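# just to be clear, the model below is a prediction. Sequence and coordinates:
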Amino acid sequence: MNDTGKLKDVADGYARNYLFPNSLAVAATKEAVKNSETKRNAAKAAEAKTKEQQEELKKKLSGMNVEITLKANEQGKLFAAVTSADIANALTAQHSITVDPKLIVADGIKAVGDHETEVVFPDAGAVNIKLTINKE
């Protein structure tokens, strides 16, 4: 239960004997309420800034093409599947864009050729990027 910063009305004994000794709550003084409001506003501002940054990065990545060169056999099958870290490194090297590999969906790309993958942002949705896998 994440009720951080919310005001709750609880029984005096519960607050005095359990919540206060275990540092799970503080008394709702004017100062504590003001402090809580300040923290809540700061968190909202940080969340809005993060969402704005994700939207901006999403626009940059939209329709982008990334080339990756990996070892493959004669039939064009890769010796190792393309990982999200490979894609993130290629984005950084080719386009100077840093993306957390955890946000990249790289499901089972094991062949040379053109592929599409998704970068999923928690607050801004997903964007597709094009991958060109070349044989080394």
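Cool, got the structure. Numbers count the residues shown, from 1 in each chain.
# show me the contacts for V112.
V112 makes contact with 72, 76-78, 133-135, according to C-beta atoms under 8 Å, 6 or more residues apart in numbering. To be clear about C-beta, it is placed using only N, CA and C from the backbone, and glycine gets the same treatment.
# those residues, buried ones only, as a PyMOL selection?
Buried subset of the contacts of V112, written as a PyMOL selection, criterion 16 or more other C-beta atoms under 10 Å:
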select buried, resi 72+78+133
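# and the gap between the nearest residue to K135 once chain neighbours are set aside and E31?
Nearest residue to K135, sequence neighbours excluded (C-beta to C-beta, 6 or more residues apart in numbering): A72, at 4.4 Å. For A72, the distance to E31 (C-beta to C-beta, to the nearest Å) stands at 65 Å.
# how is this structure divided into domains?
If you go by automatic domain parsing, the domain ranges for the chain are 12-51, 62-135.
# deepest in the core, which of those is it.
Among the domains of the chain, ranked by average contacts under mean count of other C-beta atoms under 10 Å, first place goes to domain 62-135 (a mean of 15).
# for the longest strand along the chain, packing partners?
The longest strand of the chain (DSSP state E) is strand 125-135. Other helices and strands packing on strand 125-135, by 3 or more C-beta pairs under 8 Å, 6 or more residues apart in numbering; DSSP states H and E, are helix 30-61, strand 65-70, helix 84-95, strand 113-121.
# try it again with 6 Å
Where contact means 3 or more C-beta pairs under 6 Å, 6 or more residues apart in numbering; DSSP states H and E, strand 125-135 is packed against helix 30-61, strand 65-70, strand 113-121.
# got CSV for those, with mean pLDDT and distance to N89 too?
Below are the helices and strands packed on strand 125-135 laid out as CSV (pLDDT from 0 to 100; distance: least, C-beta to C-beta, whole Å):
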stretch, mean pLDDT, distance to N89
helix 30-61, 91, 15
strand 65-70, 93, 9
strand 113-121, 93, 14
